[in-house]
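Asker: sharing a model prediction with you, sequence too.
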Protein chains: 2
Amino acid sequence: MIEQILENARRASRTLGSADRVAMLLAIREALTLATDTVMQANVLDVALAEAQGMSAPMLDRLSLDRARWAQILASIDAVAKLPDPLGVQLDAFEHANGMRLRKITVPFGVIGIVFESRPNVAVDASILALKAGSAVVLRGSSSALNTNRALVNAMRAGLLAAGVDRCAISLIDSSDRAHVTALLHARGKVDLVIPRGGAALIAHVVENARVPVIETGVGVCHLYVHSSADLTQARAILLNGKVSRPGVCNSLETLLVDSAIAAEFFQDAFVELVAAGVEIRGDQRVCALSNLAVLATEDDFGREFLDLILAVKVVDGMEEALAHIERHSTRHSEAICATDDAACARFESAVDAAAVYVNASTRFTDGFEFGFAAEIGISTQKMHARGPMGLREIVTWKYLISGQGQVR
Amino acid sequence: MIEQILENARRASRTLGSADRVAMLLAIREALTLATDTVMQANVLDVALAEAQGMSAPMLDRLSLDRARWAQILASIDAVAKLPDPLGVQLDAFEHANGMRLRKITVPFGVIGIVFESRPNVAVDASILALKAGSAVVLRGSSSALNTNRALVNAMRAGLLAAGVDRCAISLIDSSDRAHVTALLHARGKVDLVIPRGGAALIAHVVENARVPVIETGVGVCHLYVHSSADLTQARAILLNGKVSRPGVCNSLETLLVDSAIAAEFFQDAFVELVAAGVEIRGDQRVCALSNLAVLATEDDFGREFLDLILAVKVVDGMEEALAHIERHSTRHSEAICATDDAACARFESAVDAAAVYVNASTRFTDGFEFGFAAEIGISTQKMHARGPMGLREIVTWKYLISGQGQVR
C-alpha cells in the first residue's frame, strides 16, 4: 500500500515544479468550500465516535471543526497562495577560475510525509504549504480523525483534478495500522522528508523509528529568566502571557527563574496574578520560603513540559546559575530573559542554545505566522536544515547548476 | 565511555564560539608540524599491521601518509584558517508589526561526530572545519588507522592546550568496539550532527542506525547523457575525464547514455580512447550491435557504483528516455549532459533531481575545493540541510534573536 502511494506521489511531484501552483491552491480552496457540508458531517461523526470512546474534553476540542475554524483554514489557503514562489530562487552564484558558471537554485524536496495527531487543520495547512513548495504530500493523521481527513483529502484531490494536476500530489494513508507509519518512516529514497506534528510521544516515535530524513518538531520546555535588572512590571506581563494565554502549546512557559536579589519583590504581585489565573506554582525551597502561594516542587518539575496551568519556579544567584539551569533543561525551543542591563542581555543571547532567544518579549511569539511566514508546517527543535518556525523556505531544497564549455578536471 | 566523551565535548563546545578560532587553528598546525615524526611512525606501524593482515593495495594506499600528503594536510589548515568566520552571520532580519526586532544569526551546531574510514587526512580536515565553525568534534576512525589517528589527535589536542582552549574540543573514540559507534549514533541531544565519511556500507550503517541527525554523504552513480546536439569532441573529453581521471571517487562517471542518432559516430572514437585507457565497456544490446569494443551489460550494471575502470553504456531514443533512466538509477549526486541545443540543456537542468547538474562540464568538479569552499567535510547526497559539497557554511546552524520592549501576544 505505502509503496504504491509513494510511487504515485513521486510521479505527481515531478509535475508540480512547472505547474501553476497558485491556480492549484485556489482550485483546492474552491473544492474545499464546495465540500463544506461533507467535511462537517464527517467531523461530527469523528467527534461522536471519539466521545463514545471517552476522549478527554481538550482532545475533543482539538478534533472539532466549527464554522469559524473552517473559515480560518480556507483563509490560510489564500494567504499561502499569495506568498512569493519559493522555487527557482538563486541562493548563490559564482564562477570557477576555468570559466564554468555555478548557480545554487531552490528546488522542491519531492515527497514530504506528514505524521500528525487529531487537529484536522494540519491536513490542509501541510498540503497547501507542501504544494506551494512544489512537493507532493503523504498524510498520516490519527485514527480518531479518519473520517474528517478522508473528506478533506477527497475534496483537495477534486481540486487538483479541476486544476489539471495529478491528484496523487496529495495522498492519505487511509488506515489506522501502525505498520503503515513504520513503512513510511523506512522508505529511504521514496520519501524525502518526514515531519511529525503532535505531542512528545508521537515525535519520539517518529524520530526513533525513521530511516528517512526527519525534522524534529515541537516539544517546548521554555524558561523565563527574570534578571536582577529587569523591569518587573514588564516581566510580570511577559510571565503571565507566557504561562496563561495558551498553556497547551509548545511556546508557552514551563519554568520561571528569578534572581535572588529581586525574587521576593517579584513574587509578591506576580504570584497573586498567576494564582488568580488558575496557575499552580511549584517552587524550590527558596521560592517556598519567600511565598506561601507556592507548593514545593519535585526535581522532576524542572525540565517538564506541563502543557497545563502549572509553573515550576526557582530562585537563582545570578546569570551563570540561570544559564546552567537552562542548558540542562532546555529543549532548545524558546527561552527568554527580562533585563534592562545590556551586558546581561548580550550574555543571555550568546550563551543560550535555542531556536528562539527572547529579550524582553514573550516566548509565545515563536510561531510561523508571527514570524511573517503566513503559515507554518511545524516548529523545528533540531539544528539541521530548519530551526524554529518552518515556513515555505524551510521545505525546499536546492541544486547546483553548473554550466560549462567542455571543462574537465 | 561515549557519554563522558560527549559531555566533555559539549562543555568544550560552549567555549568555542567566543574563542580566537584562527589562533586555535594555527596552534594546531604548529603542534602537528612538531609531531611530524611521531605521526609518520604511527602511520608506518598501521600500514605494516594492515599489510600483514592482507589489506588490498588501493586500501593500503588510502591509509598511507607520505611527506607530500602531510604537507597538503598542513597547508589545508592555513587555507581554512583564512576563510571568513561562518559564525555570527546575519541571515535575515525583520521587524514585527508590534515593534519587536527579529534577527536570524548563524551559530555553531555544538558537537559534531565524524565516522570515517581509513584516510587519515579526514581526522585533521574534519577537526579543522568543525572548530572553525565553532563546534567540538568527536572522531571515530577505522581500527586500521588507530595508531595514526591517536598520534594526530594527541598532537591536535596539544595545539588546543597551547592555544588555551579546552582540549576536549577534539576527541577520538579510541576503540575498535562497534558498540561505541552505536552509542554515538543513539546519543540524542548529546551529539548534534553525525557525518559519515567512507564507502557505501559505512554510510548505510550510519544512516540505518542513527537516532541523531545525520547528513548522508557520498555514494555517486553519476551519468553522462550525450544528446544528439552535442559537440562530440567536447563530449569525448568530458567522458574520458569523468571515467578515467580518478575512477575510485564518488564524482566519477559510472554510466553513459547516448542518443541513438549519434551513437555510432560517438562510440567510434570514444570507445577506442576508453579502451586505450584501460576501461571495460559494458553496453546494452544496441551498444554491442554498434561496437565490438563493448561486452554485453547485465541489468545490474546500470545504477551500479563501479568505482573502477568499468563503464555501463546505453543507447537511448532521446531526452525523455535518458531522463527516465537517470530518475530510476541516479543517487542524486552529479549528473551531466553534453548538448548544444538550449532547450535540451534547460529541460535536463530542470528535470534532473541531483545535487549537481552539469551542462557541458565534467561531473568530477563536484568537490568542496572546486566549488570554492577551500575544504569540504563531505558531499551530501540528501536534500535536508546540505546538498552537494559541504564546507563551513553547511556545518553551522542558526538561532533567532528577538528583542522587544515587553511585547506579549
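Answerer: Structure received.
Asker: A:Ser18: neighbour count?
Answerer: By other Cβ atoms under 10 Å in any protein chain shown, 11 other residues sit near A:Ser18. (Each C-beta comes from the backbone N, C-alpha and C, glycine too.)
Asker: what sits against it?
Answerer: By Cβ atoms under 8 Å, 6 or more residues apart in numbering or on different chains, the residues touching A:Ser18 are B:Ser350.
Asker: one more: A:Ile114?
Answerer: So A:Ile114 contacts A:122, A:126, A:130, A:137-140, A:194-197, A:377 (Cβ under 8 Å, 6+ apart).
Asker: same thing but 10 Å
Answerer: For A:Ile114, the contacting residues are A:122-123, A:125-127, A:129-130, A:137-141, A:184, A:193-197, A:377-378, by Cβ atoms under 10 Å, 6 or more residues apart in numbering or on different chains.
Asker: show only the entries of those found in helices.
Answerer: Counting by DSSP state H, the contacts of A:Ile114 place A:122-123, A:125-127, A:129-130, A:184 in helices.
Asker: going by distance to chain B, which of the residues you listed wins?
Answerer: Ranked by distance to chain B (Cβ to the nearest Cβ), the ones in helices among the contacts of A:Ile114 are led by A:Ala130 at 13.7 Å.
Asker: pLDDT value on that closest one, please?
Answerer: You'll see A:Ala130 listed with a pLDDT of 97.
Asker: repeat that for A:Ala204.
Answerer: At A:Ala204, the predicted lDDT confidence score is 89.
Asker: angles on the backbone of it, please.
Answerer: phi -60, psi -40 (degrees, to the nearest 10).
Asker: same question for the one 10 residues further on.
Answerer: Backbone torsions of A:Val214, given as degrees, to the nearest 10, read phi -130, psi 140.
Asker: I'd assumed A:Ala204 was in contact with it.
Answerer: No. Between A:Val214 and A:Ala204 there is no contact under Cβ atoms under 10 Å: 11.2 Å.
Asker: neighbour-wise, which of these two wins?
Answerer: Neighbour count, other Cβ under 10 Å: between A:Val214 and A:Ala204, A:Val214 has more, with 24 against 15.
Asker: so who does the more buried one touch?
Answerer: Applying Cβ under 10 Å, 6+ apart to A:Val214 gives the contacts A:113, A:115, A:185, A:193-196, A:203, A:206-208, A:382, A:384-385, B:213, B:384.
Asker: narrow these to those that are buried.
Answerer: The neighbour-count criterion (16 or more other Cβ atoms under 10 Å in any protein chain shown) marks A:113, A:115, A:185, A:193-196, A:203, A:206-207, A:382, A:384-385, B:213, B:384 among the contacts of A:Val214 as buried.
Asker: I'd guess A:Arg364 is in a helix, am I close?
Answerer: Yes. Assigned with DSSP: H, G, I helix; E, B strand; the rest coil, A:Arg364 falls within a helix.
Asker: name the nearest residue to it, ignoring sequence neighbours.
Answerer: Of all residues not flanking A:Arg364 in the chain, B:Arg409 sits nearest, at 4.2 Å (Cβ to Cβ, 6 or more residues apart in numbering or on different chains).
Asker: ok, A:Gln268 next?
Answerer: Closest residue to A:Gln268 apart from its sequence neighbours, by Cβ to Cβ, 6+ apart: A:Ser291 at 7.7 Å.
Asker: in contact with the residue of the stretch 251-400 of chain A found nearest chain B, which residues?
Answerer: Residue of the stretch 251-400 of chain A nearest chain B, by Cβ to the nearest Cβ: A:Ala361 (3.0 Å). By Cβ under 10 Å, 6+ apart, A:Ala361 lies in contact with A:234, A:238, A:241-242, A:336-338, B:96, B:98-102, B:402-409.
Asker: buried set for stretch A:37-55?
Answerer: So for stretch A:37-55, counting by 16+ other Cβ under 10 Å, buried means A:39-40, A:42-43, A:46-47, A:50, A:55.
Asker: pLDDT of it, averaged?
Answerer: 96.
Asker: show me the contact partners of it.
Answerer: Applying Cβ under 10 Å, 6+ apart, the external contacts of stretch A:37-55 come out as A:32-33, A:35, A:56-57, A:59-67, A:69-70, A:73, A:118, A:120, A:124, A:142-152, A:154-155.
Asker: if you set the cut-off to 8 Å instead, what comes out?
Answerer: Defining contact as Cβ under 8 Å, 6+ apart, one finds that stretch A:37-55 is touched by A:32, A:59-60, A:63-65, A:70, A:120, A:144-148, A:150-152, A:154-155.
Asker: run the chain-centre distance for it.
Answerer: Centroid separation for stretch A:37-55 versus its chain: 25 Å, with Cα atoms, centre = their mean, to the nearest Å.
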